[in-house]
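Engineer: Quick one: sequence plus predicted model below, questions after.
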Amino acid sequence: MRRAVCPGSYDPATNGHLDIIERASRLFDEVVVLVGVNKNKKGVFEIEERLEILREITAKLPNVRIDSWEGLLVDYCRANDITAVAKGLRSVSDFDYELQMAQMNRELTGVETLLMANNPAYGFVSSSLVKEVAALGGDIERFVPPVVFDRLSEKFPKLGR
């Protein structure tokens, strides 16, 4: 079975994330969307909320599973017999960082990384930018799945439509 992991903070999940998850689900028998846990970092959404949202937005993808992990990604891969990481690239700066991570992961455990060019429609969309615009009341509806927009509207009452 060909298995891959799509790691991230997903705080919040964006249409760019969903695009990469959907495309990876066509390439692999199983895709694990893995929410990284960093207890030193306070997100807009708690880990359980992120997992719930991801389950909802990927429900139509039968070979996608949602999980969370605190620690090294390669340790998760080793513990779950996953041999590939699928990640999206928005820019050259993403490539520089992700290439180093891919090389380190391969050196540590032999896990391969598939770097996928993002859909140009989402090339500028990041979770950080979505949160910043939402906090200031801007319209982020076209950048996130509907359930994410609804949940962000609860967190940011000024959020525009």
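Structural biologist: Right, received. Where do you want to start?

Engineer: Touching, Ala135 and Phe156? I think so.
Structural biologist: Yes. With contact defined as C-beta atoms under 8 Å, Ala135 counts as touching Phe156 (5.5 Å). To be clear about C-beta, it is placed using only N, CA and C from the backbone, and glycine gets the same treatment.

Engineer: Strands of this protein, residue ranges please.
Structural biologist: 3-8, 30-36, 64-69, 84-89, 112-117 (DSSP state E).

Engineer: quick one: average pLDDT of the third one?
Structural biologist: Right, the one you point to is strand 64-69. Strand 64-69 shows a mean pLDDT of 98 in the predicted model.

Engineer: contact partners of it?
Structural biologist: 21, 25, 30-37, 47, 50-51, 54-55, 58, 75-76 (C-beta atoms under 8 Å, 6 or more residues apart in numbering).

Engineer: Recalculate using a threshold of 7 Å.
Structural biologist: For strand 64-69, the external contacting residues (C-beta atoms under 7 Å, 6 or more residues apart in numbering) are 21, 25, 30-37, 47, 51, 54-55, 58, 76.

Engineer: would JSON lines of the strands of the chain with distance to Val125 and mean neighbour count be doable?
Structural biologist: Below are the strands of the chain laid out as JSON lines (distance: least, C-beta to C-beta, whole Å; neighbours: other C-beta atoms under 10 Å):
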{"stretch": "strand 3-8", "distance to Val125": "13", "mean neighbour count": "22"}
{"stretch": "strand 30-36", "distance to Val125": "17", "mean neighbour count": "23"}
{"stretch": "strand 64-69", "distance to Val125": "20", "mean neighbour count": "18"}
{"stretch": "strand 84-89", "distance to Val125": "10", "mean neighbour count": "22"}
{"stretch": "strand 112-117", "distance to Val125": "14", "mean neighbour count": "15"}
